[in-house]
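> after the sequence you'll find the predicted model.
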Amino acid sequence: MRRSGTADLPLHGGRVPPWLATRMAELGRAIVTVLVDTRGPSEVLTRLSDPFWFQALGCVMGMDWHSSGITTSVMGALKKAINPLAADLGLYVCGGRGAHSRRTPDELLRHADRTGLDGNSLVHASRLSAKVDNTCVQDGFSLYLHSFVVSREGEWAVIQQGMSDARGMARRYHWHSPTVRSFVDDPHSAIVGQNRGEILNLSDTRAEENRKGIVEFLAQHPDRQLREMRHLAMDRPHQIQPRHVESKRLGAVLALAYEKQFRSFVDALLLPGVGPRTIQSLALVSEVIFGAPGRFTDPARFSFAHGGKDGTPFPVPLKVYDESLAVLKQAVDRARIDRSDKVRGLRRLEGLTRLVEGGYDPRADVRKVIAHEWKHTHAYGGRTAGGAAGPSRVSRPAENQLSLFDDGD
């Protein structure tokens, strides 16, 4: 089984409040629209099949940075955002959590009738991907979510998730049709979940003899699994710690937003009057859209765009979120009206972030950044699932914006 990474996803309860669900759908629509317009529907499917990018997308949308709820909320937001524009974007989302997952075959057949795709083939792929992950891969996780995303050309991606109540953990599985040579021979784009050692995996090429009837379970040694995977460790504790974030990359984003030597360049890229805090968010959003795969090894960093609904690393700054959406939507609308590259400001913003990283070393002090956000959360319209966030009682950083970086940098 070819895996692109593993991650621990703690099971968390709760629901996404309506004020965040609406914004997540709008942000998801804007991000997907820019990706489709600049790189095509296939690029969206490629990214959805990358577990690291998927986690970063959930973080930048304002969800919990590491919990199992990211999968449900992101796919729900994308289904709500994309499907009304399916004819324009060339993408359609089926399935979901629980009862919605069981409706996937009917949704695929109806979509195939409208578009001329081979509905039976898509249903076959949907059912087999679920069967492999729930039955062939006996890892102790029972599937409860199945989302199927298909393009107008018939290319597809599957994102599905299983849970283990006994362990309090979830495991997310990613599939992408161009990488699937067979449903029983190394089909996965990635499996995300904590390494629990030996598992029964009848979808592995090395289990061919098992599938022919030999009653013997083939399993890889955990050490070998770890050598073959990138490992994304999602700790059970809810708080973001400095070890979860690449401080130099976060520091470059903050420098673009707050340092005078960079602000003039940023002002030229975006709309006049966009504040530093919104530039910070847009720099992270632009990276989700245009960044290379290697940029997503620390997805927790993207939660510094719009916080999280449970206040981790800080409350969702609604004023900033809405200003980010306004800039994105205006860029998309202008590009679609005159067909020119009006999103070039976002593209150049992502490039400028990498340029700052290469020629400047503003390593962010993660704890001070979080304290700064909590201090100003009221001014930013901070809100959590529990309601509006008031002034924080955390220790205040120095007023100088350089306090967001490590001492001496």
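Structure's in. What do you need? Numbers count the residues shown, from 1 in each chain.

> C-alpha only now, for contacts and for neighbours.
Fine.

> what about the spatially closest residue to Val34 that is not a sequence neighbour, which helix or strand?
What sits nearest to Val34 in space, not counting adjacent residues and going by Cα to Cα, 6 or more residues apart in numbering, is Val332, at 6.8 Å. Assigning secondary structure by DSSP states H and E places Val332 in helix 318-338.

> next, the buried residues of that helix.
318-321, 323-325, 327-329, 331-332, 335 (16 or more other Cα atoms under 10 Å).

> how about the helices in the stretch 301-409 of the chain?
Read by DSSP state H, counting those that start in this stretch, the stretch 301-409 of the chain holds these helices, from start to end of the chain: 303-306, 318-338, 344-359, 366-375.

> to the chain's geometric centre, what's the distance from stretch 89-99?
16 Å (Cα atoms, centre = their mean, to the nearest Å).

> swap in stretch 237-256?
Between the mean C-alpha point of stretch 237-256 and the mean C-alpha point of its chain there is a distance of 17 Å (Cα atoms, centre = their mean).

> quick check: buried residues in it?
Residues of stretch 237-256 classed as buried by neighbour count (16+ other Cα under 10 Å): 238, 240, 244-256.

> what's the closest of these to Gly98?
For the buried residues of stretch 237-256, the minimum distance to Gly98 (Cα to Cα) is 25.5 Å, reached by His238.

> could I get the contacting residues of that closest one?
Going by Cα atoms under 8 Å, 6 or more residues apart in numbering, His238 touches His66, Thr312.

> from what I can see Gly345 touches Leu270, true?
Yes: between Gly345 and Leu270 a contact is recorded at 5.8 Å, counting by Cα atoms under 8 Å.

> adding distance to Val285 and mean pLDDT, write the helices of the stretch 301-409 of the chain out as TSV.
TSV is the format used below for these (distance: least, Cα to Cα, whole Å; pLDDT from 0 to 100):
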stretch	distance to Val285	mean pLDDT
helix 303-306	7	97
helix 318-338	9	91
helix 344-359	9	90
helix 366-375	18	94
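
> for the helix holding Val332, packing partners?
Contacting helix 318-338 under the criterion 3 or more Cα pairs under 8 Å, 6 or more residues apart in numbering; DSSP states H and E are the following elements: helix 18-39, helix 276-290, strand 382-384.

> residues contacting it, please?
Contact partners of helix 318-338, identified using Cα under 8 Å, 6+ apart, comprise 23, 26-27, 30, 33-34, 271, 274, 277-278, 281-282, 306, 340-343, 380-383.
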